[in-house]
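Trainee: here's my sequence, what's the structure:
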Amino acid sequence: MQIRKAIIDDQVALRAFCEYTFRHQYSPHNTPEDMDDYCSQYFSQQAITHEIKEESILHFIAHENDRIVGYCKLALNLQPQLFTKPHPLQVARIYVHPEKKAKGIGKVLMHEIEKFCKDNAYQYLWLGVWQKNEDAIAFYSKMGFVIFGTEEFVLGKDVQQDWLMGKAILVDD
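Mentor: The predicted model follows:
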């Protein structure tokens, strides 16, 4: 497996991967209309192309044999309201192909994110995770994240609650 930054040539495969993994994870818990609304807004070809070109967003792709098996999206300039941690970085998405879960891909992506943080002087990682996504919460907890708040997440017309989780990044001396 290799990890690299996404480039514009990845847009078609990345869009398909994002929508597939998102629908696989969340369709059983949400209405088709809400899923379609969300996917058409955030996983359209136009949206993914814009994100890859946007300087304040960074995508890492994990791939095996030219096939995407994992992915993460970092938002370089966002932080939750009333947040006081120094120089934070948001993990906006981290997806692993359903067939590849529990094979260490998420952990490798998280280590790549932490390396990026250290290389770029980010001192705190944070993310939002749906309160009903127990597997993701367990993964983030295992990776050292702790819950520090909540925020609303709107999927279509459904307003859901996310846990906000964070982790300090220790800079090597």
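
Trainee: which residues touch stretch 42-49?
Mentor: For stretch 42-49, the external contacting residues (Cβ atoms under 8 Å, 6 or more residues apart in numbering) are 8, 11, 12, 14, 15, 18, 19, 22, 41. C-beta: built from backbone N, CA, C; applies to glycine.

Trainee: where do the helices sit along this protein?
Mentor: For the chain, the helices defined by DSSP state H occupy 11-26, 32-42, 45-53, 105-119, 134-142.

Trainee: need those in CSV (columns: mean neighbour count and distance to residue 97).
Mentor: What follows is the helices of the chain, written out as CSV (neighbours: other Cβ atoms under 10 Å; distance: least, Cβ to Cβ, whole Å):
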stretch, mean neighbour count, distance to residue 97
helix 11-26, 18, 6
helix 32-42, 15, 17
helix 45-53, 16, 17
helix 105-119, 18, 8
helix 134-142, 15, 14
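
Trainee: the ones you listed: which one's closest to residue 151?
Mentor: helix 134-142 (14.6 Å; Cβ to Cβ).

Trainee: now do the phi/psi pair for the closest residue to residue 37 other than its chain neighbours.
Mentor: Closest residue to residue 37 apart from its sequence neighbours, by Cβ to Cβ, 6 or more residues apart in numbering: residue 156 at 3.8 Å. Residue 156 adopts backbone torsions of phi 70, psi -110, taken as degrees, to the nearest 10.

Trainee: can you give me the buried ones in stretch 118-133?
Mentor: Judged by neighbour count (16 or more other Cβ atoms under 10 Å), stretch 118-133 contains these buried residues: 122, 124, 125, 126, 127, 128, 129, 130, 133.
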